[in-house]
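Trainee: pasting a predicted model and its sequence here:
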Amino acid sequence: MEYFIAYVLNIAAAFTVIALLILAGSLLVRQKRKRLIAFFGISKSKRLRAYISHLRIALGGAFGADGLPRSMSGSAVPVGELQLVSIYGRLFNYSIPALQEQPGFWRHVLLTDVQLEVSPAPLQDSEIEKGCSILCFGSPGYNVASKWIEDTLNPVARFIPSGLAIEVDGVAPFTDALTGFAQRIRIGDGAAAAFYVAGMSEAATMAAAYYLASEWEQLDATFGTRKNFCVVLKAEPLDYRNYTVVLERRESEVPAR
């Protein structure tokens, strides 16, 4: 009996320690998480809608893994954009710091209360969800949500109609294939915002998406939770995680159109 009581007490003590670790870890990330969801304009909705480029492949317009033409047709999405979406999934799912060194189940306990909903861009802008913050990958040529942003929300950086350059008022057009941008533009008077990451190539789009996810704290410190901003950057060709910021525009510096 004494052995059983000691065993129960040990189990209770272990769970008490775990509970305290969870509480301490939760407090550590609470403030950072509050800033994160405010930055993305999802404090109330807890939802972020992501639209990735929607490629429509004509019959016979695809290559197989062996490099030979194949008869596949239908919808597809860029591998690079899909890869970067996972970074945002991890961004909104915090592991509790105090539990990361614990063995087994406990190291995988997450704080998650944000829905990241990902889909290929619709074919009609009427199908774009506009009641919550949205995250759009890629140019208007492959993403109707990106076109809606450019046509409706007056972003600082936009693609010229041919898609062969990015234009920003007051500077020469950017034609380098490694140039991209990350922007935030408010949607209406509420907290929701459109986040637009795109580039002249897949590498540039990936760099822009990575920049937004990895530098959101610095962007929040500079622009807060409501100001529109645009950052133009140049990617390194072999590693989207390396980039150089070329131009930064804050709301007060945006020329009137």
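Mentor: The structure has been received and is ready for your questions.
Trainee: check contacts around N228.
Mentor: Residues near N228 by Cβ atoms under 8 Å, 6 or more residues apart in numbering: 156, 183-186, 250-251, 254. C-beta: built from backbone N, CA, C; applies to glycine.
Trainee: hmm, try it at 10 Å
Mentor: Counting by Cβ atoms under 10 Å, 6 or more residues apart in numbering, N228 touches 153-156, 183-186, 193-194, 249-252, 254.
Trainee: buried ones in the longest strand seen in the chain?
Mentor: Longest strand in the chain, counting residues (DSSP state E): strand 239-250. Of the residues in strand 239-250, 240, 243, 246-247, 249 count as buried by neighbour count, 16 or more other Cβ atoms under 10 Å.
Trainee: flag whichever of those residues scores worst on pLDDT.
Mentor: Looking at those by pLDDT, the weakest one is Y240, with 91.
Trainee: just to revisit the earlier point, for the buried residues of strand 239-250, which one is nearest F40?
Mentor: Nearest to F40 among the buried residues of strand 239-250, counting by Cβ to Cβ, is R249 at 19.5 Å.
Trainee: and the buried ones among the contacts of N228, selectable in PyMOL?
Mentor: In PyMOL syntax, the buried subset of those is picked out as below (16+ other Cβ under 10 Å):
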select buried, resi 153+155+156+183+184+185+186+193+194+249+251+254
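Trainee: which two in the contacts of N228 are spaced the farthest apart?
Mentor: Most distant of the contacts of N228, by Cβ to Cβ, are A194 and S252, 19.4 Å apart.
Trainee: hang on, the earlier thing: counting by contacts, list what the longest strand of the chain packs against.
Mentor: Packing partners of strand 239-250 (3 or more Cβ pairs under 10 Å, 6 or more residues apart in numbering; DSSP states H and E): helix 79-91, strand 166-168, strand 179-186, helix 202-214, helix 216-223, strand 229-236.
Trainee: any idea which of these gets closest to S119?
Mentor: Among those, helix 79-91 sits nearest to S119 (Cβ to Cβ), with 10.2 Å.
Trainee: got the angle for the closest one vs helix 202-214?
Mentor: Between helix 79-91 and helix 202-214, the angle comes out at 10 degrees (axes from the mean of the first three to the mean of the last three Cα atoms, to 10 degrees).
Trainee: for helix 79-91, what is the average pLDDT?
Mentor: If you average the pLDDT values across helix 79-91, you get 87.
Trainee: tilt between it and strand 239-250?
Mentor: On the basis of the same axes, to 10 degrees, helix 79-91 is oriented at 70 degrees to strand 239-250.
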